[in-house]
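Asker: Sequence and computational prediction follow.
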Amino acid sequence: MDAGAVITILALLFFAFVALGVYVAVKVVGAAKRGVERTVTQARRTVEDTTLRAKSYGQVGVTGELAQLRLALRTSMRATQEALHAGVAEDASLSESLALFRRLSAHGQELDAELKRLEREPDRATVASLLPGLRERTERITHSAESLRWAARDRAQKFADEDLDALSAQIDMEAGALRHWAAEDPGTASAPPAASGTRSTSRSGPVPGSDVPGASADRSWAEPDPESEQSAPGQPQAITARDPRQQTTYPWQKPARRPEASN
């Protein structure tokens, strides 16, 4: 490979890394910008809600009435939006409800902008004459938003209740299967197989250790019992010669005198 090809490949790699770095930097800056905008929006919304709450409680007349209408409208719309966005992730059928809520949000935002503009209106008499119509529009929008919100919550609660009912039925069935001995005959159910001490007779021939009193059903993990290796009383023992090396000699025994040889 000549030097020109190597330089071309290195140049392409360099430009590729530069382009990748620029792309990553743009993505990071965009994400940071969106995060800052979201934070600023939330802070502005919190400040505005606090101001409206203070106006609705601290002021009377047209200004207090407008603040109450705006606060009720914003609270209802925000709660419905959060409920629908949270439910559509688990229930795809709520997508149509979310589309309807977007259309309703357009009317709500228009009404909120009008109420906000009327707060700065110096002609209080004209604003007071518009309050009944504004109140009716606010109630219609909040009622529609609440209908969507509670319908979504009732739907989620219904699915949760059905799932809980199915789970309870399965648990009851499993509990009944675990208590299957309750349906057996009382005479046979009084003595469990593990405690009856009997062995299955399906195998031909005697079972080793079955004639020994208190023998365990399975002694494969137990240590060998020296006493079990001895013969039981009343049974014939094997005749074996004594080992003279193991014969016990007591100190009072005199050794046998050898017979003297006769001359």
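Answerer: Okay, I see it.

Asker: rest of the way, CA atoms for contacts and neighbours
Answerer: OK.

Asker: The strand or helix carrying residue 167 - contacts with which helices or strands?
Answerer: In the assignment (DSSP states H and E), residue 167 maps to helix 124-178. Judged by 3 or more Cα pairs under 8 Å, 6 or more residues apart in numbering; DSSP states H and E, helix 124-178 is in contact with helix 62-88, helix 95-119.

Asker: Let me have those in CSV, extended by mean pLDDT and distance to residue 40.
Answerer: Listed next are those as CSV, based on pLDDT from 0 to 100; distance: least, Cα to Cα, whole Å:
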stretch, mean pLDDT, distance to residue 40
helix 62-88, 89, 17
helix 95-119, 91, 19
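
Asker: Would you map out the domains in this protein?
Answerer: 1-58, 60-180 (automatic domain parsing).

Asker: tell me, which of the ones you listed is the model least confident about?
Answerer: The minimum mean pLDDT among the domains of the chain belongs to domain 1-58 (a mean of 79).

Asker: Burial-wise, tell me which of the helices and strands packed on helix 124-178 comes out on top.
Answerer: helix 62-88 (a mean of 18; mean count of other Cα atoms under 10 Å).

Asker: Next up, phi/psi of residue 120, please.
Answerer: phi -100, psi 10 (degrees, to the nearest 10).

Asker: what's the neighbour count on it?
Answerer: Residue 120 sits with 10 neighbouring residues when counted by other Cα atoms under 10 Å.

Asker: what angle do the helix holding residue 167 and helix 95-119 make?
Answerer: 150 degrees (axes from the mean of the first three to the mean of the last three Cα atoms, to 10 degrees).
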